[in-house]
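>>> Sequence first, then the predicted structure, then my questions.
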Amino acid sequence: MKKYLVIGNPINHSLSPKLHNYWIKKSNLDAIYEKLEVNSDKLEELVDKVKEKKLCGLNVTVPFKKNIIPYLDKLSKEASETQSVNTICLDGNKTVGHNTDIIGFELSIKKFDFDLKNKKVFIVGAGGVVPSLIYSLNKMNVSEIFICNRTLRKAEELKILFKNLTIINWGEIPEFDMIINATSVGLNKDEILDINFSNLKSNKIFYDVIYNPQETNFLKTGKNLGNKIINGKMMFIYQASAAFDLWHNKKPEINDDVINLLDK
Ligand code: ATR
C-alpha cells in the first residue's frame, strides 16, 4: 500500500487526510494518507523516506514550507520562486518540491468568477502562504499589491523576493478591490484582527485563507459592510487536487460531495 503524509506543527486541525482518503477511495487506489506532527529535526529523515520509497509523497504545511527546501534535490519553478514547498514527490531518484498553493489560490478566484486583472489587492499578514498568494496575484496581472504585517520585518523580507510590493503600516488601509486575511487570526473563532475597517465602502472582496471556521470575524466584518466574502475552502481543495494529480497522475473530481465533506 502506498503511503502519503501531511507534516506540520500543529497538524491536528488539518483536513487533508479526510480529503485525500476520500479521493483515494473513489479512485480505488491502494493507498493511505495520514498526518504527522513533527519538529524541524525530523524533516530530513522524512524526505529521505520519500527517496527510499518508504513514503510516496509528502504534503508540508505551517511552519515548514521553507525549512524543508534544503533537504530536497530539486524544486519546481514555482516552488523556487516563492521559496515555498507544500508537495513533495519522487522524480526518478530525485526528491522534488512543488508548490500547489499557487494554482489553488488562482483556481479559487476563477471559481468565483472574479477577474483580478488591474485590480488592487491588500494582503494582511506575511506568513508561510503569502509568497504563493503574491506569485498567483502577479500571474493574474493585478495592478498593485499592498501588504501589512504586525511584524514589519517579515513584510520587508517578502519585498526582497517580490519587488512590486507596497508595504503599509499596520492599522492603515489603502484603496483596494480585494483584501486577503493571510494571518492566523481567526483560526480560533473569537479572535479579531486589530484593524478598523468601519470606514470602508462596500463592493470589495474579503478573502480569508482560513477555511475552518468557515466564517471568521474578518469575513463577518466584510459581509456586514456589504462586501463579497470567500473563505479558504476552495483554495484548500484545489491545492489538494493538484497534489493528488502529481502523485497519482489523476485529476480528482471536485463536486458538492467533496465540498460538503469538509463541513462535516
Ligand atoms: P509563520 O509565521 O510560521 O509562517 P503563519 O501561520 O504562516 O506562520 O503566519 C502567521 C501570520 O499571522 C503572520 O503574518 C503573523 O504575524 P507576525 O509575523 O507579526 O507574527 C500573523 N499573526 C499571528 N497572530 C497575529 C495577531 N494577533 N495579530 C496580527 N497578526 C498576527
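Perfect, I can see it now.
>>> just the strands in the stretch 151-264 of the chain please.
According to DSSP state E, counting those that start in this stretch, the stretch 151-264 of the chain carries its strands in the segments 165-167, 178-181, 205-208, 228-230.
>>> closest to residue 119 out of those strands?
strand 178-181 (6.3 Å; C-beta to C-beta). Where you see a C-beta, it was placed from the backbone N, CA and C, and this is true even at glycine.
>>> Can I get stretch 52-61 in PDB, CA atoms only?
Taking Å, rounded to 0.1, in the frame of the first residue of the first chain, the C-alpha atoms of stretch 52-61 are listed here in PDB:
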ATOM      1  CA  GLU A  52      13.800   5.300  -0.200                       C
ATOM      2  CA  LYS A  53      10.200   4.900  -1.400                       C
ATOM      3  CA  LYS A  54       9.000   4.200   2.100                       C
ATOM      4  CA  LEU A  55       6.700   7.200   1.600                       C
ATOM      5  CA  CYS A  56       5.300   8.000  -1.800                       C
ATOM      6  CA  GLY A  57       4.700  11.700  -1.100                       C
ATOM      7  CA  LEU A  58       4.500  14.400   1.500                       C
ATOM      8  CA  ASN A  59       2.400  17.500   2.000                       C
ATOM      9  CA  VAL A  60       4.100  20.200   4.000                       C
ATOM     10  CA  THR A  61       2.300  22.800   6.000                       C
END
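>>> tally of neighbours for residue 234?
The number of residues packed near residue 234 is 20, by other C-beta atoms under 10 Å.
>>> wait, residue 54
Using other C-beta under 10 Å, residue 54 is surrounded by 10 other residues.
>>> ok so, going back, include mean neighbour count, distance to residue 264 and mean pLDDT when you put the strands of the stretch 151-264 of the chain into CSV, please.
Formatted as CSV, the strands of the stretch 151-264 of the chain follow (neighbours: other C-beta atoms under 10 Å; distance: least, C-beta to C-beta, whole Å; pLDDT from 0 to 100):
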stretch, mean neighbour count, distance to residue 264, mean pLDDT
strand 165-167, 16, 38, 98
strand 178-181, 24, 24, 98
strand 205-208, 24, 20, 98
strand 228-230, 18, 20, 97
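>>> need the ones you listed in a markdown table with distance to residue 70, can you?
Listed next are the strands of the stretch 151-264 of the chain as a markdown table, based on distance: least, C-beta to C-beta, whole Å:
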| stretch | distance to residue 70 |
| --- | --- |
| strand 165-167 | 25 |
| strand 178-181 | 29 |
| strand 205-208 | 31 |
| strand 228-230 | 34 |
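>>> The ligand: which of those strands is closest?
strand 178-181 (8.9 Å; C-beta to the nearest ligand atom).
>>> helices or strands up against the closest one?
Under the contact definition 3 or more C-beta pairs under 8 Å, 6 or more residues apart in numbering; DSSP states H and E, strand 178-181 sits against strand 120-124, strand 205-208, helix 217-224.
>>> distance of the closest residue to residue 78 other than its chain neighbours from the ligand?
Once flanking residues are discounted, residue 78 sits nearest to residue 99: 4.4 Å by C-beta to C-beta, 6 or more residues apart in numbering. Distance of residue 99 to the ligand, computed by C-beta to the nearest ligand atom, to the nearest Å: 14 Å.
>>> buried residues in the host helix or strand of residue 46?
Assessed by DSSP states H and E, residue 46 sits inside helix 43-51. Residues 43, 46, 47, 49, 50, 51 are the ones in helix 43-51 that count as buried (16 or more other C-beta atoms under 10 Å).
>>> which of those residues lies closest to the ligand?
Once C-beta to the nearest ligand atom is applied, the member of those that ends up nearest the ligand is residue 43, at 14.3 Å.
>>> Would you check that that closest one makes contact with residue 66?
No - contact criterion C-beta atoms under 8 Å: residue 43 and residue 66 do not qualify, at 10.9 Å.
>>> what about the residue nearest to residue 78, how many neighbours?
The local packing of residue 99 (other C-beta under 10 Å) involves 28 other residues.
>>> For it, give its distance to residue 84.
Distance of residue 99 to residue 84, computed by C-beta to C-beta, to the nearest Å: 5 Å.
>>> Return every residue with contacts to both of those two.
Any residue near both residue 99 and residue 84 by C-beta atoms under 8 Å, 6 or more residues apart in numbering counts here, and that gives residue 132.
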